[in-house]
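Next input, structure requested:
(2 chains)
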Amino acid sequence: EAAVTQSPRNKVAVTGGKVTLSCNQTNNHNNMYWYRQDTGHGLRLIHYSYGAGSTEKGDIPDGYKASRPSQENFSLILELATPSQTSVYFCASGDGDLSGNTLYFGEGSRLIVV
Amino acid sequence: QQQVRQSPQSLTVWEGGTTVLTCSYEDSTFNYFPWYQQFPGEGPALLISILSVSDKKEDGRFTTFFNKREKKLSLHIIDSQPGDSATYFCAASTGNTGKLIFGLGTTLQVQP
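Prediction:
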């Protein structure tokens, strides 16, 4: 069954530490996305990718890096985690067809930075 | 400034009633408008979507209406069920880049 899986599902990190959130998709979609979800802010796009080797900045990229080493995998990297990055992070893949791009989301990664 | 605005922020309806959620947007280049449904502890999932060339799309109990002139859309849920209790997001994008701009969401509670 096609799916988007994220790891870890829960993470507690210390301020200044490095955090890597991983995402794997079996949908064979070219496009992948990282969003964060916060109360009062909805879902906001951090980084996205159109294919292996490509990464693009979304609307709130500061403090985050992304890596797309393969069609299936897309990582979000926090080099120096800060408490303001405490959030729930969602990865998604999309087919990008002309009828409208349906995004398929993972179950989320809850990150707490202390 | 929020490019996609949703209202109300929360809503409670009785089982069997009709739910109406609304959304407005600013960018006239938006041409794709999906609605996503999210249950607690899960990721959002596509519920229904509409392209700007249409003014209505129906899928079972769910119907979305689009008004291009007023830059507004709405989601109607008839015969609302307790299982519909969730957070609903409207979103918008241009073309097929997948760069969806989400509204802040409406939390729906359907009381039995």
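
mind listing what's buried in the host helix or strand of residue A:36?
Using DSSP states H and E, residue A:36 maps to strand A:31-38. Using 16 or more other C-beta atoms under 10 Å in any protein chain shown as the test for burial, strand A:31-38 gives A:31, A:32, A:33, A:34, A:35, A:36, A:37. Where you see a C-beta, it was placed from the backbone N, CA and C, and this is true even at glycine.

Enumerate the beta-bridge partners assigned to the fourth one.
Applying DSSP bridges to residue A:34 gives these bridge partners: residue A:47, residue A:91.

in chain B, what spans have low per-residue confidence?
Residue ranges of chain B with pLDDT under 70: B:1, B:95-98.

Tally up the residues packed near the residue in it that chain A sits nearest to, please.
Here the residue of chain B nearest chain A is residue B:43; by C-beta to the nearest C-beta that distance is 3.1 Å. When neighbours are defined as other C-beta atoms under 10 Å in any protein chain shown, residue B:43 has 22 of them.

Check residue A:30 too.
Residues near residue A:30, counting by other C-beta under 10 Å, number 16.

ok, now how distant is it from chain B?
Going from residue A:30 to chain B by C-beta to the nearest C-beta, to the nearest Å gives 9 Å.

I'd guessed residue B:47 sits against residue B:62; true?
Yes: when contacts are counted by C-beta atoms under 8 Å, residue B:47 is listed as touching residue B:62 (6.2 Å).

Now the common contact residues for the two.
Common neighbours of residue B:47 and residue B:62 are listed as B:35, B:75 (criterion: C-beta atoms under 8 Å, 6 or more residues apart in numbering or on different chains).

other SSEs contacting the strand holding residue A:36?
For strand A:31-38, the packing partners by 3 or more C-beta pairs under 8 Å, 6 or more residues apart in numbering or on different chains; DSSP states H and E come out as strand A:19-25, strand A:42-49, strand A:73-78, strand A:87-94.

ranking those strands by burial, who's on top?
strand A:87-94 (a mean of 25; mean count of other C-beta atoms under 10 Å in any protein chain shown).

Send me it as CSV with only the CA atoms.
Output of strand A:87-94 as CSV, limited to C-alpha atoms (Å, rounded to 0.1, in the frame of the first residue of the first chain):
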residue,chain,number,x,y,z
SER,A,87,6.1,21.8,16.5
VAL,A,88,4.5,19.0,14.6
TYR,A,89,6.1,18.4,11.3
PHE,A,90,4.4,16.7,8.3
CYS,A,91,5.9,15.3,5.2
ALA,A,92,3.9,14.9,2.1
SER,A,93,4.3,13.6,-1.4
GLY,A,94,2.4,14.8,-4.5
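
All set, thanks.
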